[in-house]
Structure formats: C-alpha cells, structure tokens
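S.K.: sequence-free structure coming up:
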C-alpha cells in the first residue's frame, strides 16, 4: 500500500513537470507532446487510484480518457500540420 502511494506521488510530480513544459514549451510540438504525456500520466494515475481504493470501474474511466486523449492529440496535430501547409502555400504566391 505504501509503494502505491509513493507511485501516486511520483506520478503527480511527473504530471506537474509535464504541465510546466506544456505552459512554457519552446515550440508548439513540445507543448503538444507535454499535453499528451500529461494525459497518459492521468490514465496511469486513475488506474493506480482505482487499485488503491478497490474500485475497478476507474479502469473504464481511464480507458475512455485515454481514447479521448489520443483523438484530441491527433486532431490538434492535424490542425497544426494543415495550418503549416496553408502558410507555406500563401507565402509562395
């Protein structure tokens, strides 16, 4: 039980570091990656907390959150990728 509590605290520290990187990242892609790391660690934290409290339904929530995280990151990456193509096309004219 003590090990899982320590793991939860370590996950929270990593989440805080990812959040800092997301706010002050040097590029857009660094920020997107940091948000993705934050979402992945949130899924892991939900699974650990669900195990600590004996609530297996937390795993369902974690899986749904992982799916939402994946879809949203892919959407944001596609948006920035298409935006970059548009900017290149406009500058060549």
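M.R.: Nice, thanks for sending it over. These figures come from a predicted structure and were not determined experimentally. Residues are numbered from 1 along each chain as shown.
S.K.: max-length helix in the protein?
M.R.: Longest helix in the chain, counting residues (DSSP state H): helix 57-92.
S.K.: any idea how far the lowest-mean-pLDDT helix or strand in the chain is from the middle of the chain?
M.R.: Counting by mean pLDDT, DSSP states H and E, the weakest-scoring helix or strand in the chain turns out to be helix 57-92, with a mean of 82. How far helix 57-92 lies from its chain's middle: 11 Å, per CA atoms, centre = their mean, to the nearest Å.
S.K.: buried stuff in it?
M.R.: Buried residues in helix 57-92, counted by 16 or more other CB atoms under 10 Å: 58, 62, 66, 69, 73. To be clear about C-beta, it is placed using only N, CA and C from the backbone, and glycine gets the same treatment.
S.K.: which elements pack onto that helix?
M.R.: The contact analysis (3 or more CB pairs under 8 Å, 6 or more residues apart in numbering; DSSP states H and E) places helix 57-92 against helix 28-53.
S.K.: list the buried residues of the helix it packs on.
M.R.: For helix 28-53, by 16+ other CB under 10 Å, it's 31-50.
S.K.: burial count for residue 9?
M.R.: For residue 9, the tally of surrounding residues (other CB atoms under 10 Å) stands at 10.
S.K.: what helix or strand is it located in?
M.R.: In this assignment (DSSP states H and E), residue 9 forms part of helix 2-24.
S.K.: residues near the residue lying closest to residue 51 once chain neighbours are set aside, how many?
M.R.: Distances taken as CB to CB, 6 or more residues apart in numbering place residue 4 nearest to residue 51, at 6.7 Å, with adjacent residues excluded. Neighbour count of residue 4, defined by other CB under 10 Å: 12.
S.K.: pLDDT value on the closest residue to residue 56 other than its chain neighbours, please?
M.R.: The shortest distance from residue 56 to any non-neighbouring residue, by CB to CB, 6+ apart, is to residue 50 (6.4 Å). As predicted, residue 50 sits at a pLDDT of 94.
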